[in-house]
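J.: Curious how this folds, go ahead:
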Amino acid sequence: MLNMLIAFSINTGRARSSAVSERQIYNSKVRKLKALNTEEAKPSHAKKFDLVAQEKQLTDQYSSLISQLYGNGIKNKQDFESQKANIKRLFGPGSFTQLENQALINQNGSFQALAAKNTKASVYFYGFNHDAKTIHIVSLAEYTINSNDGNTGTTYIDTIYSFSKKKAVSSEVTSAVHAAND
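T.: Alright, predicted model coming up:
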């Protein structure tokens, strides 16, 4: 009987040690999982994507640049070229020449801005692709033309913007001039 009591006591001691050891392993794994689940431990691409905040930031950037390109800031070719990096980032690598051809006019060998004053700059979003992290951005500019005849102009720029690259992939630019009596 004494032998059984000793054997029972040894087995109980081992069981306690084993239970303590198992509990330590469990607690260690829980700590590791919690650490993996914190925002700091997540890779940057796994962090929550806030589309609304991104759209607000892009609206400010596009509205400002559109206003400058069409009447409120850019007056000549030098002003336009000073915005080259910004234009390429927001409208895509092939957009600079296309926008230059539509936003500037050649007056007696000197390139001047087509728009005299911006009357409206709007930005709209559609077609968000969550997997590719791209969105279509439509920029609209309405402006008076640099002439005394009262003509106005409208430019639409449809851009595909990549959030992962933090720049535009491509753009299509469409402009129209409206006679004063339209």
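J.: Please count neighbours and contacts with C-alpha atoms only from this point.
T.: Noted.
J.: after the longest strand anywhere in the chain comes which helix or strand?
T.: Using DSSP state E, we find that the single longest strand of the chain is strand 115-129. Remark: after strand 115-129, the chain's next helix or strand is strand 134-145, criterion DSSP states H and E.
J.: got a list of contacts for that following strand?
T.: 62-63, 66-67, 70-71, 114-129, 150-164 (CA atoms under 8 Å, 6 or more residues apart in numbering).
J.: distance of the residue nearest the centre of the chain from Asn148?
T.: In the chain, the residue lying closest to the centroid (CA atoms, centre = their mean) is Phe163, at 4.3 Å. Distance, Phe163 to Asn148, using CA to CA, to the nearest Å: 42 Å.
J.: rewinding a little: show the contacting residues for the residue nearest to the centre of the chain.
T.: Phe163 neighbours (CA under 8 Å, 6+ apart): Lys133, Thr134.
J.: tell me the phi and psi of it?
T.: Per-residue torsions, Phe163: phi -70, psi -30 (degrees, to the nearest 10).
J.: thinking again about what came up before, buried ones among the contacts of strand 134-145?
T.: For the contacts of strand 134-145, a burial check counting by 16 or more other CA atoms under 10 Å picks out 62-63, 66-67, 70-71, 114-119, 121-123, 125, 128, 151-163.
J.: Which other helices and strands does the helix or strand where Ser64 lies contact?
T.: Element membership for Ser64 (DSSP H and E) is helix 51-69. Packing partners of helix 51-69 (3 or more CA pairs under 8 Å, 6 or more residues apart in numbering; DSSP states H and E): strand 115-129, strand 134-145.
J.: contacting residues for Asn146?
T.: Asn146 touches Ala113, Leu114, Ala115, Ala116, counting by CA under 8 Å, 6+ apart.
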